[in-house]
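Colleague: build the 3D model from these lines:
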Amino acid sequence: MHGNRAVKTDATVADVAELLAKFKERSATLGIVGLGYVGIPLALTAAKAGFKVVGFDIDAPRVDQINRGESFIKHISSALISEAVKGGKFEATADFARLGEPDAILICVPTPLTKHREPDLSYVENTARAIAPRLRKGQVVVLESTTYPGTTDEVIRPIFEATGLKSGQDFFLAFSPEREDPGNPDFGTSTIPKVVGGDGEAALALADMLYSQLIVKTVPVSSAATAEAVKLTENIFRAVNIALVNELKVVYAAMGIDVWEVIDAAKTKPFGFMPFYPGPGLGGHCIPIDPFYLTWKAREYDIATRFIELAGQINTRMPYYVVNKLAEAVDKSGKAFTGSKVLMLGIAYKKNVDDMRESPSLKLIELIEGRGAEVDYFDPYIPVIPMTREHAELAGRKSVALDAKTLAGYDAVLIATDHDNVDYKLVVDNAKVVVDTRNACARAGIPEGRVIKA
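Modeller: Next up is the predicted model:
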């Protein structure tokens, strides 16, 4: 039994054995739906391993760019994409009619929140509906998008089984959460262990065999729902601990204590402590979003997730705290905050990447301008702000130059992202006021007292 339902595998023993062999021999064709920060690295990893990969995306210009061998992600070189494309191992397409070609389809589409902070599974559902009419016997489908426990079984499986095909008998359904960390120099797609859960034993065996050819180590678990819960647990752990240090930052600042110094000293303890760092708010595709997938699902079971929701409240208040500190610093300099000019350093959600998903910088701009100040930004990785779901009005704004003359023209500089290739001494030497949310100036060796931490 699996998930309180019998899974028939005896009728497909030959099919399963054939598929296992194709995965082991790397002769299978893989389809990857969603060619973004998760799908592209996965496609390149699979192509490098010897699989033929067909990438699917609704963005036709992006498809054309990929097929020309050009990258649109900073930390992924065009040379890697070009090598895979020219070697005949990777092609991109916007033609979803070809979904019947792959032996395995890996779904890597966004799972954002609605304006009411509820799960938005529209991308997952639309992808499942695109696959369903092309779904054929013997195909494996794996969802990689982060979601609440039960999505694979309760959302995707009914869409597929409405075709008359049966999971575990005609097709095989699994969940294996992505664990991408854009810009991390120490870990990439192939070197991060992969959790795998399936809808039945056959699906688990097939997904495990497939990922074993791509990833250094697989971690099989008992069900797709368990695998879904693993991903949420990883990100909730980070969200809660970041909320804790954000709260400590506020408390210690009131006491005249530097939280960064406290953390650096505390992390010398070789056991029982793990360093997390405060910031201007949460960013990225996981931590600001994933905890709310579990809090939403928990309501179905009449369970209140108070700890997780409290962490969310603390983290979402951080931009307001930062703007208050900024306004206070400008006022003390003798300039009214209303009508002042602010330069924000960094629009990416974390350093050294061109990824703006859920960046707290966007909320900071909204809050600062809401209080009557003007905001420009500098980011060496994001020359123009792209269209975003919640801050469409900021799309098209361009990064300014960063030099002594530019810096002197602003009433304050707010460091929101601590990119390594920024000359922080230049910033401090030429800016009237510097507010640092990332401890970047201290790490650059700039003396205390010249910078306000927030």
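Colleague: need the outlier residue of this protein, farthest from its centre.
Modeller: residue 334 (40.6 Å; CA atoms, centre = their mean).
Colleague: what about the helices in the stretch 251-400 of the chain?
Modeller: 259-266, 290-298, 306-332, 360-370 (DSSP state H, counting those that start in this stretch).
Colleague: ok, which of those helices comes nearest residue 137?
Modeller: helix 290-298 (31.8 Å; CB to CB). Quick note: C-beta positions are derived from backbone N, CA and C, even for glycine.
Colleague: that closest one to helix 306-332, inter-axis angle?
Modeller: 140 degrees (axes from the mean of the first three to the mean of the last three CA atoms, to 10 degrees).
Colleague: quick one: mean pLDDT for helix 290-298?
Modeller: The average of the pLDDT scores along helix 290-298 is 91.
Colleague: counting contacts, what elements does it pack onto?
Modeller: helix 224-254, helix 306-332 (3 or more CB pairs under 8 Å, 6 or more residues apart in numbering; DSSP states H and E).
Colleague: ok so, going back, for the helices of the stretch 251-400 of the chain, which one sits closest to residue 28?
Modeller: helix 290-298 (30.3 Å).
Colleague: end to end, how far does stretch 39-57 reach?
Modeller: 10 Å (CA to CA, to the nearest Å).
Colleague: which parts of it are buried?
Modeller: 39-48, 51-57 (16 or more other CB atoms under 10 Å).
Colleague: next one: stretch 306-323
Modeller: Per 16+ other CB under 10 Å, stretch 306-323 contains these buried residues: 308, 311-312, 314-316, 318-319, 321-323.
Colleague: show me the contact partners of it.
Modeller: 236, 239-240, 242-244, 246-247, 250, 278-282, 288, 291-292, 294-295, 360, 363-364, 367-368, 371, 414, 435, 437, 454 (CB atoms under 8 Å, 6 or more residues apart in numbering).
Colleague: for stretch 86-94, C-alpha coordinates in PDB please.
Modeller: The C-alpha trace of stretch 86-94 is given here as PDB (Å, rounded to 0.1, in the frame of the first residue of the first chain):
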ATOM      1  CA  LYS A  86      26.000  22.200 -30.500                       C
ATOM      2  CA  GLY A  87      26.800  18.700 -29.200                       C
ATOM      3  CA  GLY A  88      23.200  17.700 -30.000                       C
ATOM      4  CA  LYS A  89      22.400  16.800 -26.400                       C
ATOM      5  CA  PHE A  90      20.200  19.800 -25.600                       C
ATOM      6  CA  GLU A  91      17.500  21.700 -27.500                       C
ATOM      7  CA  ALA A  92      14.800  24.100 -26.300                       C
ATOM      8  CA  THR A  93      11.300  24.400 -27.700                       C
ATOM      9  CA  ALA A  94       8.100  26.200 -27.100                       C
END
